Each structure stands twice: as structure tokens, then as C-alpha cells.
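Student: pasting the sequence and the predicted coordinates here, then a few questions.
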Amino acid sequence: MKKSLEEHQAERRKGLSRSNIRDFILGFQDGLVNTLGLVLGVASAIQSTKIVLISGLVTTFAESISMAAVAYTSSKAAHDFYKGQLEREKKEIREIPHLEVAEIKDIYYKKGFRGKQLESIVKKITSNKKLWLDTMMTEELKMFPGDYEKPVKSGFIVGISAVIGSLIPVLPFFFFDVKSGMAAALIFSIVMLFLVGAAKANITIGDWKKSGIEMAVVGTVAALAGYLIGSLLGVIYG
């Protein structure tokens, strides 16, 4: 059964809205990997469940606040840059329209349009200021409004996902001793990294198994680096 144009467009908009999952994956992965590396390192160096929990929880909230702030400032900078470029294009259309018309013509000339067909396209676009501006932003500057999320929303998503990710390697230490907690934290974290990597492949493009394994391996290697450093410090200062 063929989809209608409206159904296709609605499906496309739904897919685009899932771009927020990019922020979730960013916060989740960083929070989990950083906290896993820390708790493994602390546990191997000190062998104290209480200290592991305290250091893990402190890292969870400090990491989450920091990541939310970074996501907010970086998103705001990108959003402000987009707005600056938009205002510049508005000004150029208003003050030097002949050059902007020439740019539209050049864009569609490069797409293969010629003669009356090219002139008709240029006339159609430049007769509508909004269409003209949108065309300059997307075709000339390759800047799309959907790529610039609201900074507050981006910061919130990254912060919350970082909390969720960071708590995963901490939770086992509420129920197990240090040695068992380390094993449980590592296994639980690897499984969650694999699942998130597989989910990422479903959103973007790629094989879910490969994506899951890749994220699990990268995250595990980074976390084990923290464990090795902790073990080394434990030997030196133990």
C-alpha cells in the first residue's frame, strides 16, 4: 500500500524529532564511561565500598552538571551563529539584492538548469522573501534550522542522561562488596553500552551489532584505563 504525501511527511518529521536522542546518547555514554573508570579506579586503590559510593555519587552529579552546562553553552553558540548568519543574509538581500539574485542563479546553474527554466526558478524564488532567505541559508550556507536545537532543551537532555548513565556503575556497590561490585559494575556497564550503541545504529545508519560492540569496546577500554591507574596508585600509596 502506497503512503500518501502527508503520511510520508509526518513520518519524516517524526524521524527528525528523534535528533534529541543524539544528546541523550552523548550524556549517557560520557556519564557512564567516566564514572565507571572512576569507581573502578577508586575501588582498586582503596577497597572501601563507602568511599567508592561517595566518590561515585559525587562524580555523578558533578559530571552531569558540567556536561549539561557544556551542552547548553555549545548549543547556544551554534544557535547564535545560525541567527547571526540569518541576519546577515537578510541584510544582504535587502541591501545588495542584485548580488543575492546572482547567487541564486549560480546555485541552480550548478544544478544543471539553463535558459528559461533557470530564469523561471530564480524569479520564483526571489519573488518571495522568506523562500529566498531559506534558499540562501540551506543551499548556499548549508545551514538547516533543525540542526540547531534549543540550548536549554539540549542541556537538560544531556544532563539528565548523564545522571542515568553515571548511576549505572555506582548501583552495584549498594548491594555488593568491593570485589563483586567491581565485576557487576563492569558487566552491567558493558551490556548497557552495547544496547545504547545498538539503539544508535537504529536511529542513524549502520549495523546494530557492530555499533553496539564498538561502543561497548571503546567505553570499556576507557573505563579500564581508570582501573589500571587506580591499581597503580594503590600499589604506590597503599
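Tutor: Ah, there it is.
Student: quick one: list the elements packing against whatever helix or strand Leu26 lives in.
Tutor: Using DSSP states H and E, Leu26 sits within helix 20-46. If contacts are counted by 3 or more Cβ pairs under 8 Å, 6 or more residues apart in numbering; DSSP states H and E, helix 20-46 sits against helix 49-95, helix 151-167, helix 178-203, helix 208-237. For the C-beta atoms, the positions are set from N, CA and C on the backbone; glycine is no exception.
Student: compute the inter-axis angle for it and helix 151-167.
Tutor: Counting by axes from the mean of the first three to the mean of the last three Cα atoms, to 10 degrees, helix 20-46 lies at 40 degrees to helix 151-167.
Student: tell me what angle helix 20-46 forms with helix 178-203.
Tutor: Using the same axes, to 10 degrees: helix 20-46 against helix 178-203 is 160 degrees.
Student: can you give me the angle helix 20-46 makes with helix 208-237?
Tutor: 30 degrees.
Student: okay, buried residues for helix 20-46 please.
Tutor: Across helix 20-46, burial judged by 16 or more other Cβ atoms under 10 Å covers 21-46.
Student: one more: stretch 173-180?
Tutor: Buried residues in stretch 173-180 (16+ other Cβ under 10 Å): 173, 178.
Student: span of it from start to end?
Tutor: 8 Å (Cα to Cα, to the nearest Å).
Student: any idea how far the closest residue to Gly155 other than its chain neighbours is from Lys130?
Tutor: Setting aside the residues directly before and after it, Gly155 is nearest to Tyr72 in space (Cβ to Cβ, 6 or more residues apart in numbering), at 3.2 Å. Noted for Tyr72: a distance of 29 Å to Lys130, by Cβ to Cβ, to the nearest Å.
Student: the two: which is more packed in?
Tutor: When neighbours are counted by other Cβ atoms under 10 Å, Tyr72 and Lys130 differ, and Tyr72 comes out ahead with 19 against 7.
Student: and the pLDDT for that one?
Tutor: Per-residue confidence (pLDDT) for Tyr72: 89.
Student: cool, and Ile21?
Tutor: 75.
Student: just say which of the helices and strands packed on helix 20-46 is most tucked in.
Tutor: For those, average neighbour numbers computed from mean count of other Cβ atoms under 10 Å are highest in helix 151-167, which has a mean of 22.
Student: CA atoms only for that helix, dumped as PDB, please.
Tutor: The C-alpha coordinates for helix 151-167 follow below in PDB (Å, rounded to 0.1, in the frame of the first residue of the first chain):
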ATOM      1  CA  PRO A 151      20.100  25.300  24.100                       C
ATOM      2  CA  VAL A 152      18.100  24.800  27.300                       C
ATOM      3  CA  LYS A 153      16.500  21.700  26.000                       C
ATOM      4  CA  SER A 154      19.800  20.300  24.800                       C
ATOM      5  CA  GLY A 155      21.500  21.000  28.200                       C
ATOM      6  CA  PHE A 156      18.600  19.400  30.000                       C
ATOM      7  CA  ILE A 157      18.600  16.200  28.000                       C
ATOM      8  CA  VAL A 158      22.400  15.800  28.200                       C
ATOM      9  CA  GLY A 159      22.300  16.500  32.000                       C
ATOM     10  CA  ILE A 160      19.600  14.000  32.700                       C
ATOM     11  CA  SER A 161      21.100  11.300  30.500                       C
ATOM     12  CA  ALA A 162      24.500  11.800  32.200                       C
ATOM     13  CA  VAL A 163      22.900  11.200  35.600                       C
ATOM     14  CA  ILE A 164      21.200   8.000  34.300                       C
ATOM     15  CA  GLY A 165      24.500   6.800  32.700                       C
ATOM     16  CA  SER A 166      26.600   7.700  35.700                       C
ATOM     17  CA  LEU A 167      24.400   5.800  38.200                       C
END
